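*Asks:* Okay, here's the prediction I keep looking at, along with the sequence it came from:
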Amino acid sequence: MTDVIALTAQGRLRGQRDGPALRFLGVPYAESPLTAGRFAAPVPHARWDGIRDALAYGATSPQPDRGITLIPEPVIAGDNELNLNVFTPDLGADGLPVLVWIHGGGFTGGCSASPWYRGGPFARDGVVLVSINYRLGAEGFLELPDAPANRAVRDWVRALEWVRENIAAFGGDPERVTIGGQSAGGAACATLLGVPAARGLFRAAACMSGGQALMQTPAGVRAVAAQLAGHLGALTREAPEETPAEAILAAQEAVSASLGAAAGRTDAEAIATLLAGGISLPWAPFADGEVVTEEPLTAAASPRQREVSLLAGATAHEFNMAWLAADWITPVVAADGLARAGVPAPAVAAYIDQAGSPPSQAVGQAVTDRVFRVPAQQLAAAKAAAGGSAFAYDFRWTATGGPLPGLSFHCLDVPFFFDALAEPGVTEAMGPAPPQELATRMHSALVRFVTGGEPGWDGFSGDRSPVMVFAGSSEVRENPLELERAAWTRR
């Protein structure tokens, strides 16, 4: 590999060529939380002398090592998780569009070092890719006395500020920045619509399989803090700073386990309760009134965000797999639970009819629609109603092999958007010979959106809801989720 040198505001960086991309890995965009404060706002990184190597991925935020997960995401030890990676086609270029990628992982796991997130295909197509790490779990979101709220959100903003300051050194245009992410990363992008400090730092947002339904509430944040205090003792600003990361992680896991146990009922009312609350992430961004001042739907509809283009969508069976083993759910129990959740009778009948075997898939599909598919289209509709540009997709290609054949499950679309079908872990997740034609189409749509603010099909408008259905034979359909939107839009 050939070494290359980039000059940033903080100093010189040594990167390397990797196929069509020049890559710079593990670049710090803020000082280490170990010195600046694990529960403090991020601090811009100081200048350094000489040339700093950017040849290896940086540290990941402290998290449990869960071994093999769907998306290959290593846990990397180190003293500063506030780092990012840059993949560019040419340091001498001028004005290239930029995609800033925020990884998923439920706000407790994940990282930017996955081979599925490599930027070679984007560099090949004239886009600079920046992928970031940020604080997770309690360090990112725990509410503490006298500590800044939503520290992870502040990390995202600080990373975008770094992009604004430095991306021209990598051939990128600071005025042509798109934020994108999947799952928790998609929720992060939706959250950033309502963050005043982020205004002007991006011109478009691609929210994939994550939106307003994955955010926390102020009451939920306080409840989680109280539960964590039950494991760690009284929470003050100083106490968590002095608590080993391992102890905080263990307490986080205990809190998550207790939430799962509370949801362990097996009756129709349990289904109704689940569908009323959706998927509750204990550690997630919330509207604190200072950093996050508006919920995503409100922010998307605001005239202040009219200039920000939006791309939103989900997969057809996001979390259906979580219900495959729920053999206590019969068609009668599923129908009763859906009805108690307020789902109209025609939609209840459709869910039961489409579920087939096992009947628990009626509940899995309802969860997927309520938490992912319908909120994505709600976000697009809110943006369009305010006069902005909004585009929607629905990913329906189903895996031919792997652990979940026949489903279009959570994360399945990521290698297609990244044109990464040859990367490690892809065929293990989805089966052999996934369709390259679909990856070419989806990646091209994302490149087009990042480059020009539109993905190649019509956007939502006052009387139209065109949705790109990505499948073996992709096509635009008018309001293909009409029944699902009617079932869940008021929730």
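*Replies:* Good, I have the coordinates.
*Asks:* buried set for stretch 29-40?
*Replies:* Neighbour-count burial for stretch 29-40 flags 29, 30, 31, 32, 33, 36, 37, 38, 39, 40 (criterion: 16 or more other C-beta atoms under 10 Å). In this view, the C-beta of every residue, glycine as well, is placed from N, C-alpha and C.
*Asks:* What of stretch 92-110?
*Replies:* Counting neighbours by 16+ other C-beta under 10 Å, one finds that the buried residues in stretch 92-110 are 96-110.
*Asks:* Can you add pLDDT and distance to residue 151 and give the buried residues of stretch 29-40 back as TSV?
*Replies:* Formatted as TSV, the buried residues of stretch 29-40 follow (pLDDT from 0 to 100; distance: C-beta to C-beta, whole Å):
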residue	pLDDT	distance to residue 151
29	98	14
30	98	11
31	98	13
32	97	14
33	95	9
36	94	11
37	92	9
38	92	9
39	93	7
40	95	7
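*Asks:* Closest one of the buried residues of stretch 92-110 to residue 149?
*Replies:* Nearest to residue 149 among the buried residues of stretch 92-110, counting by C-beta to C-beta, is residue 107 at 14.2 Å.
*Asks:* Contact partners for the closest one?
*Replies:* 136, 137, 140, 141, 152, 184, 187, 281, 283, 284, 285 (C-beta atoms under 8 Å, 6 or more residues apart in numbering).
*Asks:* Which ones among the residues you listed map onto helices?
*Replies:* Using DSSP state H, the members of those that fall in helices are 137, 140, 141, 152, 184, 187.
*Asks:* Roughly how far does the closest residue to residue 29 other than its chain neighbours sit from residue 259?
*Replies:* Leaving aside its chain neighbours, residue 29 sits nearest to residue 162 (3.9 Å; criterion: C-beta to C-beta, 6 or more residues apart in numbering). Residue 162 sits at a distance of 35 Å from residue 259 (criterion: C-beta to C-beta, to the nearest Å).
*Asks:* So between these two, which is more surrounded?
*Replies:* For residue 162 versus residue 259, neighbours defined as other C-beta atoms under 10 Å are more numerous around residue 162 (25 against 15).
*Asks:* what's that one in contact with, if anything?
*Replies:* Residues touching residue 162, when contacts are defined by C-beta under 8 Å, 6+ apart, comprise 29, 30, 44, 84.
*Asks:* from these, which single one is nearest residue 399?
*Replies:* Distances from these to residue 399 were compared by C-beta to C-beta; the smallest belongs to residue 84, at 30.9 Å.
*Asks:* low-confidence ranges in the stretch 201-350 of the chain?
*Replies:* Low-confidence segments of the stretch 201-350 of the chain, defined by pLDDT under 70, span residues 237, 239, 260-265.
*Asks:* Which stretches in it count as strands?
*Replies:* 204-208, 309-315 (DSSP state E, counting those that start in this stretch).
*Asks:* Please apply the same query to the stretch 351-491 of the chain.
*Replies:* Counting by DSSP E, counting those that start in this stretch, one finds strands in the stretch 351-491 of the chain at the ranges 390-395, 466-470, 475-478.
*Asks:* Starting from the last one, tell me which strands it pairs with and how they run.
*Replies:* It refers to strand 475-478. Neighbouring strands of strand 475-478 in its sheet, by DSSP bridges, are strand 466-470 (antiparallel).
*Asks:* CA atoms only for the strand it pairs with, dumped as PDB, please.
*Replies:* Output in PDB follows, covering the C-alpha atoms of strand 466-470 (Å, rounded to 0.1, in the frame of the first residue of the first chain):
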ATOM      1  CA  PRO A 466     -44.400   7.100  -4.100                       C
ATOM      2  CA  VAL A 467     -42.200   4.500  -2.500                       C
ATOM      3  CA  MET A 468     -39.300   2.700  -4.100                       C
ATOM      4  CA  VAL A 469     -39.700  -1.000  -3.400                       C
ATOM      5  CA  PHE A 470     -36.300  -2.700  -3.600                       C
END
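*Asks:* what does it rub up against?
*Replies:* If you take C-beta under 8 Å, 6+ apart as the criterion, strand 466-470 is touched by 313, 377, 391-397, 413, 416, 438, 441-442, 445, 455, 457-460, 474-481.
*Asks:* Would you mind listing which of these are buried?
*Replies:* Among the contacts of strand 466-470, those that count as buried by neighbour count (16+ other C-beta under 10 Å) are 313, 377, 391-397, 413, 416, 438, 441-442, 445, 455, 457, 459-460, 474, 480-481.
*Asks:* wait, isn't residue 109 in contact with residue 73?
*Replies:* Yes: with contact taken as C-beta atoms under 8 Å, residue 109 and residue 73 are classed as touching, separated by 7.0 Å.
*Asks:* among the buried residues of stretch 92-110, which two are most distant?
*Replies:* Spatially, the most separated pair among the buried residues of stretch 92-110 is 96 and 108, at 33.4 Å (C-beta to C-beta).
*Asks:* tell me the angle of the longest strand anywhere in the chain relative to strand 204-208?
*Replies:* Ranked by residue count and defined by DSSP state E, the top strand of the chain is strand 172-182. Here the directions of strand 172-182 and strand 204-208 differ by 20 degrees (axes from the mean of the first three to the mean of the last three C-alpha atoms, to 10 degrees).
*Asks:* Please name the residues that touch the residue nearest to residue 183 when sequence neighbours are not counted.
*Replies:* On the basis of C-beta to C-beta, 6+ apart, the spatially nearest residue to residue 183 that is not a chain neighbour turns out to be residue 104, at 3.0 Å. Applying C-beta under 8 Å, 6+ apart, one finds that residue 104 lies in contact with 71, 110, 181, 182, 183, 184, 185, 186, 209, 210, 411.
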